[in-house]
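**Q** sharing a sequence plus its predicted fold:
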Amino acid sequence: MNTNYYPKPSPMGGVLIRRVVSFLRSQRVHLPIHSHILIATSGGNDSITLAHLLITYGRRVISKNKIKILHINHRWRGKASDLDAKFVRKLAKKWGVKFYLKQLPYVNLNQKINNNSLENLARIKRKEIFYNFVKNKKLGKYIFTAHHADDLVETVLWRFFTGTINTHGAGILFKSGVELRPFLQIRKKELLEYLKQEKIPWREDITNQDDRFLRVQIRKQLLPLVEKIFPRVVQNLLNNTLPKQKKFSKFITSKNANNIFSLLNIRIKKSHLEIIKNINSNGTKKISIPLRGGWCLNKGYKM
């Protein structure tokens, strides 16, 4: 048996893996990655594409034996959510990778806590879970998530129309805390085409069609209208947003850190500020400062 045999990807698979490799290198990620990683996998088409692509064709990115799958069951949809977890566990076993499950308490979709939407609370909770998993180096050093170009554009539109673009940045960062997002230059339709060509199943989350969520309204109503009027809007926003996001990520300095953390509702201690103050004044190549709420301030990263 030839142990060096690698399966040949579908046409779209070849396109995607080349673009992922190119994008990671453009973000100064040293390939192949030598640390363990976790892939956040919900069971939906985006994350299933990411997991299958890296596990099956991603040898130039990372060895398969260094990949683990993490599924977070928010339990929003009762039995359907449990079936998502079962589905991802089954795929992980089929693909020969380790599977981790994190279950959250059940909450009602209409519930709000301290004036926070359920969607925002879920995002905060995911960040906490990601950070807690990464603290144990045996469970992975970074979390790969399947945010793609359509997600980035939806976020730009969201922040533009809600007036938060100046305080929260114009889109989604490639790297945020322990999260890395290799699909940011890839369209949703390309991910769906990959699954079609590879004949890979996925789970549908009905909340992605629920108009009670503002993001769903942007995705289903606003973005198609904008694309109809401006056909190149997605590509134009990508070309302008990603470079600016790099600059925004470097904006946190000792001079303005306190104001930015206040805007993000992150509580920091005086000791944190002292560390931040010295980040750029010493020769340390890598610093990680755990903050409350699952956030983490990092200087530099090496993979």
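**A** Noted; the coordinates are in hand.
**Q** how about Arg18, phi and psi?
**A** When read as degrees, to the nearest 10, the backbone of Arg18 gives phi -70, psi -40.
**Q** again with Tyr194
**A** Dihedral angles for Tyr194 - degrees, to the nearest 10 - are phi -60, psi -50.
**Q** contacting residues around it?
**A** Ser10, Met12, Gly13, Leu16, Thr49, Leu53, Ile200 (Cβ atoms under 8 Å, 6 or more residues apart in numbering). Yep, even glycine has a C-beta here, placed from its N, CA and C like the rest.
**Q** mind doing that once more with 6 Å?
**A** Tyr194 sits next to Met12, Gly13, Leu16, Thr49 when contact means Cβ atoms under 6 Å, 6 or more residues apart in numbering.
**Q** let's have those residues in JSON lines, adding secondary structure, neighbour count and pLDDT.
**A** Output for the contacts of Tyr194, formatted as JSON lines (DSSP: H, G, I helix; E, B strand; the rest coil; neighbours: other Cβ atoms under 10 Å; pLDDT from 0 to 100):
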{"residue": "Met12", "secondary structure": "helix", "neighbour count": "19", "pLDDT": "98"}
{"residue": "Gly13", "secondary structure": "helix", "neighbour count": "20", "pLDDT": "98"}
{"residue": "Leu16", "secondary structure": "helix", "neighbour count": "24", "pLDDT": "98"}
{"residue": "Thr49", "secondary structure": "helix", "neighbour count": "27", "pLDDT": "99"}
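**Q** is it true that Arg75 touches Leu101?
**A** No. Taking Cβ atoms under 6 Å as the definition, Arg75 is not a contact partner of Leu101, at 11.6 Å.
**Q** those two: who's more crowded?
**A** Arg75 (17 against 14; other Cβ atoms under 10 Å).
**Q** contact partners for the more buried one?
**A** Contact partners of Arg75, counting by Cβ under 6 Å, 6+ apart, are Ser81, Leu104, Tyr106.
**Q** poorly predicted segments of the stretch 151-300 of the chain, please.
**A** 165-170, 243-300 (pLDDT under 70).
**Q** show me where it has its strands.
**A** Counting by DSSP state E, counting those that start in this stretch, the segments of the stretch 151-300 of the chain that form strands are 175-176, 179-180, 287-290, 296-299.
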